[in-house]
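Asker: Model the structure of this input:
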Amino acid sequence: MSSNSTSDGDAASAAAYANLPHDDKRRSTLVSIWSLTALSLAFLVARLLCKVCTRRRLWWDDHVMILSWVAMTVSVGLSTWAVTEGEGLHVWDVPPANYGVIGLLGNLTGTFSILGAVWSKTSFALTLLRLMSSTRMRVALWLAIVSMNIAMGLNAVFLWVRCMPLVKTWDPSIPGTCWAPQVYPIYGIFAAGYSAVMDFVLALLPWKIVWRLQMKQQEKFGVAIAMSLGVVAGSMAIVKTSQIPTLSSGDFTYASIPLIVWGAAESAVTIMAASIPVLRVLLRDAHHLTLQR
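Answerer: Predicted structure coming up:
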């Protein structure tokens, strides 16, 4: 009787498992995040080559942009490792022994993704800082830079300190205590939302700067549009923000995938958007130099 009961229970469990979804997002995730990494690298290299070819020195905004791309690439590399451990599958399709590793890699991925995003925005703010002559506007830009880095920096720190002992933040099987489940996602939404607002603010500032320059109206409009492409990055940040509640999902190995992809997209698009106006100006100057020769 006991043997029959066990067999019936196993059969019921197998049937229940078979009825669960078994989607696999691993391949599409890798294609997405590495494509974004390659595209952003192409824009960054083009930006740096243009500066070298026009004999211009790299400034702080260039160095910070390089750091941003490196942080994003580290994040993508860690995500790739997590995918090999089972991230992208539903939690019931992943060996329980892999949960701790995936959790640790998730924390590391989140940290470098946050750094990549905030450094890319900082780089663009530094570019604008070079164009500002108004003391009030320069102070406003520095406030934006400092506040963004503090908000996002705390977001990265809280990712690691929300449980005691700290190891419990990535391995739920460890005994200990954690913040209430909704606390970190709420702060994460605030920080990411603030970052998105800063994208829109930084995208609008160039119009005030460019419209005061002595150039043709058509040229002004083109430069302002190029420098305002940060609104696309802001849109990416909003979509990423909407995915933060998935951090508290029980199906964390599958539900976290949109957050990973949109996190990479935010940094990549910001790098590309911040490089386009620089490329436009440098290519125009290079063209003028060629005509003069």
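Asker: would you list every one of the helices in the stretch 51-200 of the chain?
Answerer: With helices called from DSSP state H, counting those that start in this stretch, the stretch 51-200 of the chain shows them at 60-85, 99-131, 135-161, 183-210.
Asker: If you count neighbours, what's buried in the first one?
Answerer: In terms of neighbour count (16 or more other C-beta atoms under 10 Å), helix 60-85 has its buried residues at 61-62, 64-69, 71-80, 82-83, 85. (Each C-beta comes from the backbone N, C-alpha and C, glycine too.)
Asker: quick revisit: just put the helices of the stretch 51-200 of the chain in JSON lines and tack on mean pLDDT and distance to Leu20.
Answerer: Shown next, in JSON lines, are these (pLDDT from 0 to 100; distance: least, C-beta to C-beta, whole Å):
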{"stretch": "helix 60-85", "mean pLDDT": "94", "distance to Leu20": "20"}
{"stretch": "helix 99-131", "mean pLDDT": "90", "distance to Leu20": "17"}
{"stretch": "helix 135-161", "mean pLDDT": "91", "distance to Leu20": "29"}
{"stretch": "helix 183-210", "mean pLDDT": "82", "distance to Leu20": "25"}
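Asker: residues near the closest residue to Trp69 other than its chain neighbours, how many?
Answerer: Spatial nearest neighbour of Trp69, excluding adjacent residues (C-beta to C-beta, 6 or more residues apart in numbering): Leu44 at 5.4 Å. Neighbour count for Leu44, taken as other C-beta atoms under 10 Å: 20.
Asker: Quick check: Leu44 touching Ile271?
Answerer: Yes - counting by C-beta atoms under 8 Å, Leu44 does reach Ile271; the two are 5.9 Å apart.
Asker: where do the contact lists of these two overlap?
Answerer: Taking C-beta atoms under 8 Å, 6 or more residues apart in numbering as the contact rule, Leu44 and Ile271 both touch 65, 69.
Asker: Identify the residues contacting the spatially most central residue of the chain.
Answerer: Nearest to the mean C-alpha position of the chain, counting by C-alpha atoms, centre = their mean, stands Gly263 at 3.3 Å. Going by C-beta under 8 Å, 6+ apart, Gly263 touches 75, 109-110, 113, 117, 240.
Asker: Among those, which one sits closest to Ser267?
Answerer: Nearest to Ser267, judged by C-beta to C-beta, of the contacts of Gly263 is Ala117 at 4.9 Å.
Asker: OK, contacts around that closest one?
Answerer: Under the criterion of C-beta under 8 Å, 6+ apart, the neighbours of Ala117 are 68, 72, 152, 195, 237, 263, 266-267, 270.
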